[in-house]
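Novice: Need a 3D model of the sequence below.
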Amino acid sequence: MTKPAYLENFSNPSLARKRASYIREITVSNLEKHLKDFETNFSKKGGHVIWCGTYNDVQNEIIRLAEKFSLKKFNISAKAALKLPQSLSGKLENLGLEIISKKNPVTEEKRVLSISEAGFLIAESGNAIITGEALNFFAAGQVTILVADINKVIPSGKDLPLFLDFFSSPEKPLEFQMLSGPLSPAHRLIVILIDGGKTDLLPDPLKRQLVSCIDCMQCVSVCPVNHTDQLIQFPVNSIITPDNVIQHPVYSCTLCGNCTLACPVKIDLQTLLIMKRKDVFAAESKKKHMLTKLFRFAMLKTNIGNKIGGKFKKLLLGYLVKKTWGKRGGLPDSTPRSFNQLWKVVNNYSTKKL
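Specialist: Model (predicted):
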């Protein structure tokens, strides 16, 4: 197993993970309170908070703000672009906004929209933390939007150094900056909070662990499947993906448990992945069971099948087995009468019981 780089930041990594897990557990238990505290304190400093249920809602809000402030240009960080719908840039360009090169996102022009991601939100002080690439975007425009999942909130600033250390190593420390409000009276700083289905996980004692995730991606860095040619989904996304998805990503997992050992906040990802695989298998089995019951009913009720007619039965059966037959396969033409009808004619079958 590849060891996470953050281990070198702590003299006692096990104790650090235990402390981080405890803080996240307490935060999730009082999530609504911490989010409201952040909104109140952030608004007092001149910022503005918008609540959204999905990333599509976030896209609609960004378009609304671009129209409201008559913005002319925009830039977006790579991490924010990865989470937001791919159609966002195209829709902003359709509104007449010109995209600014990611290599040089800072500009002296006004009416510029900058979109990046918040690393953490501090409830106690109402400060937003930006890290890495986002540092190049937050001061670039007249309107700055920071998108943040609701799990990015932490209770106090004294907890921040612990969580930042999980994103860095001694060789590559993480750069960050704390925003306490707009940079000037003309600057508008907006945080968009995204639920993304996380509140639906809270009633479940096991799945609520996922809300503790800090998006450090350590689980992905130690995943053995991640070093192959397969398409990998973030383990958390695999777990919350609906059960009825064809070729579910959870089946690519080897269940080695490396992600659980690497998680800084001690989320039991291995158990959650096993549970998810069981749920997906049950959903697939239920679908197959319904088809079996339908086929059994059709075979036993031949009188109903006779009324339908041969052509329709061939069409229906062909639809059910089209994936099995393939493009070149096919079913033979059906006879005008079923075997049951022919047997009755040949044997002069009486409707009376024998």
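
Novice: residue ranges of the helices in the stretch 251-354 of the chain, please?
Specialist: 258-262, 269-300, 302-308, 310-320, 322-325, 339-346 (DSSP state H, counting those that start in this stretch).

Novice: Next, residue 113: secondary structure please.
Specialist: Applying DSSP: H, G, I helix; E, B strand; the rest coil to residue 113 yields a three-state assignment of strand.

Novice: wait, it sits on residue 98?
Specialist: No: Residue 113 lies out of contact with residue 98 (C-beta atoms under 8 Å); the separation is 10.6 Å. For glycine as for every other residue, the C-beta is placed from the backbone atoms N, C-alpha and C.

Novice: what is in contact with these two at once?
Specialist: Both residue 113 and residue 98 are contacted by 73, 74, under the criterion C-beta atoms under 8 Å, 6 or more residues apart in numbering.

Novice: With neighbour numbers in mind, choose between those two.
Specialist: Set side by side, residue 113 and residue 98 show more neighbours around residue 113, with 24 against 13, by other C-beta atoms under 10 Å.

Novice: Relative to residue 194, how far out is that one?
Specialist: Residue 113 sits 18 Å away from residue 194, going by C-beta to C-beta, to the nearest Å.

Novice: part of a strand, is residue 184?
Specialist: No: going by three-state DSSP, the assignment for residue 184 is coil, not a strand.

Novice: tell me the contacts of it?
Specialist: Under the criterion of C-beta under 8 Å, 6+ apart, residue 184 has no contact partners.

Novice: do you know how far the closest residue to residue 89 other than its chain neighbours is from residue 76?
Specialist: Closest residue in space to residue 89, ignoring its immediate chain neighbours: residue 99 at 6.3 Å, by C-beta to C-beta, 6 or more residues apart in numbering. Going from residue 99 to residue 76 by C-beta to C-beta gives 8 Å.

Novice: Between these two, which contacts overlap?
Specialist: Joint contacts of residue 99 and residue 76 (C-beta under 8 Å, 6+ apart) are residue 89.

Novice: Just want to know which of those two has more residues nearby.
Specialist: More crowded of residue 99 and residue 76, by other C-beta under 10 Å: residue 76, with 25 against 13.

Novice: Next up, the contacts around the more buried one.
Specialist: Here residue 76 is in contact with 84, 88, 89, 99, 102, 114, 115, 116, 137 (C-beta under 8 Å, 6+ apart).

Novice: out of these, which one sits closest to residue 14?
Specialist: residue 116 (33.7 Å; C-beta to C-beta).

Novice: On the three-state scheme, the closest one is what?
Specialist: Secondary structure, three-state DSSP: residue 116 is strand.

Novice: and residue 262, what does it touch?
Specialist: Listed by C-beta under 8 Å, 6+ apart, the contact partners of residue 262 are 1, 4, 218, 219, 221, 222.

Novice: which of the residues you listed are buried?
Specialist: The neighbour-count test (16 or more other C-beta atoms under 10 Å) marks 4, 218, 219, 221, 222 as buried among these.

Novice: Make TSV from the residues you listed and add secondary structure and distance to residue 132 to it.
Specialist: Below are these laid out as TSV (DSSP: H, G, I helix; E, B strand; the rest coil; distance: C-beta to C-beta, whole Å):
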residue	secondary structure	distance to residue 132
4	coil	17
218	helix	15
219	helix	19
221	helix	15
222	coil	20
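
Novice: Pick out the most distant pair among the residues you listed.
Specialist: Pairwise distances across the buried ones among the contacts of residue 262 (C-beta to C-beta) peak at 9.2 Å, for the pair 4 and 219.

Novice: so where does the residue positioned nearest the centre of the chain fall, helix or strand?
Specialist: Centroid-nearest residue in the chain, with C-alpha atoms, centre = their mean: residue 237, separated by 4.6 Å. For residue 237, the enclosing helix or strand under DSSP states H and E is helix 235-240.

Novice: now that helix, how far from the chain's geometric center?
Specialist: 7 Å (C-alpha atoms, centre = their mean, to the nearest Å).

Novice: For that helix, give me every contacting residue.
Specialist: Counting by C-beta under 8 Å, 6+ apart, 197, 201, 207, 210, 213, 219-220, 223, 248-250, 252-253, 259, 269, 272-273, 276 sit against helix 235-240.

Novice: coming back round to it: how near is the residue nearest to the centre of the chain to residue 219?
Specialist: Taken as C-beta to C-beta, the span from residue 237 to residue 219 is 11 Å.

Novice: likewise residue 172?
Specialist: 19 Å.

Novice: same deal with residue 252?
Specialist: Look at residue 252 and residue 219: by C-beta to C-beta, they are 14 Å apart.

Novice: just residue 132 next, same as before
Specialist: According to C-beta to C-beta, residue 132 stands 19 Å off from residue 219.

Novice: Kindly report the same for residue 111.
Specialist: Distance of residue 111 to residue 219, computed by C-beta to C-beta: 41 Å.

Novice: Kindly report the same for residue 278.
Specialist: Counting by C-beta to C-beta - residue 278 and residue 219 are separated by 20 Å.

Novice: rewinding a little: surely the residue nearest to residue 89 meets residue 91?
Specialist: No: at 11.7 Å, residue 99 and residue 91 do not qualify as touching, with contact defined as C-beta under 8 Å.

Novice: What count of nearby residues applies to residue 292?
Specialist: When neighbours are defined as other C-beta under 10 Å, residue 292 has 10 of them.

Novice: and it, what is it in contact with?
Specialist: Under the criterion of C-beta under 8 Å, 6+ apart, residue 292 has no contact partners.

Novice: thought residue 234 was touching residue 221?
Specialist: No: contact criterion C-beta under 8 Å: residue 234 and residue 221 do not qualify, at 11.3 Å.
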